[in-house]
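Enquirer: I'd like to go over a predicted model; first the sequence, then the structure.
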Amino acid sequence: MDKKSTRPTPTEAGILAFHERCERFYPADAVNASIVQQRRWYDALCAEFDAPSPEGLTRRDERVAGRTPVRHYRPAKVATETRVFYIHGGGFVVGSLESHDAICAELAHGARAELISIDYRLAPEHIWPAAFEDCYAVLESLLADDRPVVVVGDSAGGNLAAGIVLKAKAEGLSGIAGQVLIYPGLGGDLVSGSYVEMAEAPGLSTTDVAYYRDVLQAPAEDSLAYPLRATDLSGLPPAYITGAHFDPLRDDARTYAARLAQAGVDVTYREEPQMIHAWLRARHMSPGARAGFRHLVHGLAQLVGTE
């Protein structure tokens with residue numbers, strides 16, 4: 001049997017169709033291409049899955065401290081003062097305000113909360129801790145007006161979200177009402193668990209994860225870069241964590257959720273049984289992704305206080 005025929009694969013037709021559609025724009029071996037080519041492919045992929053904006057939602061772009069671009073999303077109905085800070089995924093290498101624009105708009109609309117997304121600096125031009133510093137600076141600016149914030153991130157953004165929440169706790173920064181981690185990469189062991197079981201899963205391979213870590217160049221012992229290496233998770237804000245079964249990062253989500261619970265943190269963990277990495281983008285064509293997104297919106301709404 002060849003390598004492809006033995007790799008773990010979901011059975012849901014919608015997510016399989018999504019993966020096939022993705023590979024028309026972003027090939028499985030994309031990490032072997034130049035950074036410029038990877039970004040072109042990713043931008044085309046994101047444009048393919050664009051979606052209509054919720055009615056009445058407005059956007060406003062600005063720069064924090066005159067440097068870091070952010071985008072404000074304000075839905076037609078805002079039911080809370082708590083805001084959402086969204087950090088996009090993309091392996092620290094690809095992604096922008098545009099790549100997750102539709103996702104951010106729908107999250108803001110569904111949670112009935114203002115949302116702010118960030119265009120942090122990307123590797124390899126800007127290695128660790130550039131992206132982390134950008135995200136933490138924006139978090140500080142959002143908390144400066146004494147309104148609570150829920151920090152949200154997917155994939156590499158989930159890593160950054162967990163890390164800045166850990167730093168905020170260490171520095172006594174108050175006002176974080178919750179954290180939402182969506183198939184996050186948190187620094188798990190690349191030679192065990194889901195990194196082995198799902199090494200060739202569709203959408204993201206363990207080889208890809210290793211590549212993104214190498215590009216980022218974060219110190220292996222740094223628990224802000226690899227939150228699973230943090231020794232004390234007590235006192236962190238409540239969390240909603242969602243993982244995908246067919247994803248090498250699955251056990252990072254599972255393990256972090258379990259450790260938060262053991263530390264006394266209020267945590268909800270949901271694992272999507274038929275989903276692959278980056279399933280958020282499949283929410284309009286896969287029943288499993290649609291259900292996962294509905295639960296994600298509900299979990300976020302609970303943290304911002306609108307449900």
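Expert: Sure, I can see it.

Enquirer: ranges for the helices of the stretch 1-150 of the chain?
Expert: 3-6, 13-23, 35-48, 101-111, 130-143 (DSSP state H, counting those that start in this stretch).

Enquirer: spit out the contact partners of residue 135.
Expert: Going by C-beta atoms under 8 Å, 6 or more residues apart in numbering, residue 135 touches 87, 118, 120, 160, 161, 163, 164. The way it works is simple: take the backbone N, C-alpha and C, and place the C-beta from them, glycine included.

Enquirer: now, those that are in strands?
Expert: 87, 118 (DSSP state E).

Enquirer: residue 273 sits in which helix or strand?
Expert: strand 267-276 (DSSP states H and E).

Enquirer: centre-most residue in this structure?
Expert: In the chain, the C-alpha closest to the average C-alpha coordinate belongs to residue 154, at a distance of 0.6 Å (C-alpha atoms, centre = their mean).

Enquirer: my guess is it contacts residue 183, does it?
Expert: Yes. Counting by C-beta atoms under 8 Å, residue 154 touches residue 183, with 6.4 Å between them.

Enquirer: intersection of neighbour lists for the two?
Expert: Common neighbours of residue 154 and residue 183 (criterion: C-beta under 8 Å, 6+ apart): residue 278.

Enquirer: show the end-to-end separation of stretch 221-239, please.
Expert: Its start and end residues considered, stretch 221-239 measures 24 Å (C-alpha to C-alpha, to the nearest Å).

Enquirer: same deal with stretch 82-98?
Expert: 23 Å.

Enquirer: same check on stretch 109-126?
Expert: 33 Å.

Enquirer: please apply the same query to stretch 243-258.
Expert: Chord length of stretch 243-258, first to last residue, is 13 Å (C-alpha to C-alpha).

Enquirer: touching, residue 168 and residue 176? I think so.
Expert: Yes. Assessed by C-beta under 8 Å, residue 168 is found in contact with residue 176 at 5.7 Å.

Enquirer: quick check: neighbours shared by the two?
Expert: By C-beta under 8 Å, 6+ apart, the residues touching both residue 168 and residue 176 are residue 139.

Enquirer: and the nearest residue to residue 58 once chain neighbours are set aside, how many neighbours?
Expert: What sits nearest to residue 58 in space, not counting adjacent residues and going by C-beta to C-beta, 6 or more residues apart in numbering, is residue 74, at 5.0 Å. Neighbours of residue 74 under the rule other C-beta atoms under 10 Å: 18.

Enquirer: quick one: residue 74 and residue 175, what's the gap?
Expert: Note on residue 74: its distance to residue 175, by C-beta to C-beta, to the nearest Å, is 20 Å.

Enquirer: can you check residue 250 too?
Expert: Going from residue 250 to residue 175 by C-beta to C-beta gives 31 Å.

Enquirer: neighbours around residue 235, how many?
Expert: 9.

Enquirer: helix, strand or coil for it?
Expert: Per DSSP: H, G, I helix; E, B strand; the rest coil, the local secondary structure of residue 235 is coil.

Enquirer: contacts only, for it.
Expert: Applying C-beta under 8 Å, 6+ apart, the residues contacting residue 235 are 169, 263, 265.

Enquirer: ok, now residue 102?
Expert: So residue 102 contacts 49, 50, 51, 53 (C-beta under 8 Å, 6+ apart).

Enquirer: ok, now how distant is it from residue 46?
Expert: Taking C-beta to C-beta, one finds residue 102 at 9 Å from residue 46.

Enquirer: next one: residue 55
Expert: 22 Å.

Enquirer: now residue 12
Expert: Counting by C-beta to C-beta, the separation of residue 12 from residue 46 is 22 Å.

Enquirer: okay, the two: which has more neighbours?
Expert: Set residue 12 next to residue 46 and count neighbours by other C-beta under 10 Å: residue 46 wins out with 23 against 18.

Enquirer: ok, now which ones touch the more buried one?
Expert: So residue 46 contacts 98, 99, 100, 281 (C-beta under 8 Å, 6+ apart).

Enquirer: between those residues, which has the most around it?
Expert: Among the contacts of residue 46, the one with the most neighbours (other C-beta under 10 Å) is residue 281, at 25 neighbours.
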